[in-house]
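*Asks:* this one's structure only:
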């Protein structure tokens with residue numbers, strides 16, 4: 001696991017001042033790390049407890065889905081961007097599949113209720129592999145109603 005600073009190494013673009021990027025092996029045992037980071041950032045940004053838990057669950061579901069789509073030995077990249085009233089999480093992985101996560105499943109339906117917005121994209125690379133990306137946004141104070 002590595003956290004990237006605003007002046008990243010290897011010539012990659014710099015992150016915004018209120019962003020954190022984490023790269024982990026695309027393996028299920030990394031989920032608590034990614035979930036914990038989401039919760040910690042949301043807590044520091046004064047999200048209410050329900051919103052923090054919604055965000056943790058959403059990050060867990062998104063990253064679980066991407067791990068299932070990942071190539072063997074792939075890296076899961078998860079970027080957390082803090083805005084004035086929202087937290088944006090963008091997770092991506094390299095996949096052999098040219099299709100993204102299914103949006104007609106119960107899991108995706110749950111994601112739409114846990115987040116303010118969610119979207120997925122698939123970009124095919126020159127080598128025939130695809131980068132599957134899921135972006136979710138959680139607005140401060142938009143916890144799921146009981």
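*Replies:* Structure received. As the structure is a prediction and not an experimental result, all values here were calculated from the model.

*Asks:* quick one: average confidence on the helix or strand where residue 79 lies?
*Replies:* Taking DSSP states H and E as the definition, residue 79 sits inside strand 75-82. For strand 75-82, mean pLDDT is 97.

*Asks:* which residues sit against it?
*Replies:* The contact list for strand 75-82 (CB atoms under 8 Å, 6 or more residues apart in numbering) reads 15-16, 18-26, 30, 34, 37-38, 41, 45, 59, 63, 66-67, 70, 87-94. Heads up, the C-betas are built off the backbone N, CA and C, glycines and all.

*Asks:* Sitting in strands, which of those residues do you find?
*Replies:* 19-25, 87-94 (DSSP state E).

*Asks:* What subset of those residues is buried?
*Replies:* Among the ones in strands among the contacts of strand 75-82, those buried by neighbour count (16 or more other CB atoms under 10 Å) are 19-22, 24, 87-94.

*Asks:* Run through the protein and note the low-pLDDT ranges.
*Replies:* In the predicted model, the chain carries pLDDT under 70 at residues 1-17, 142-146.
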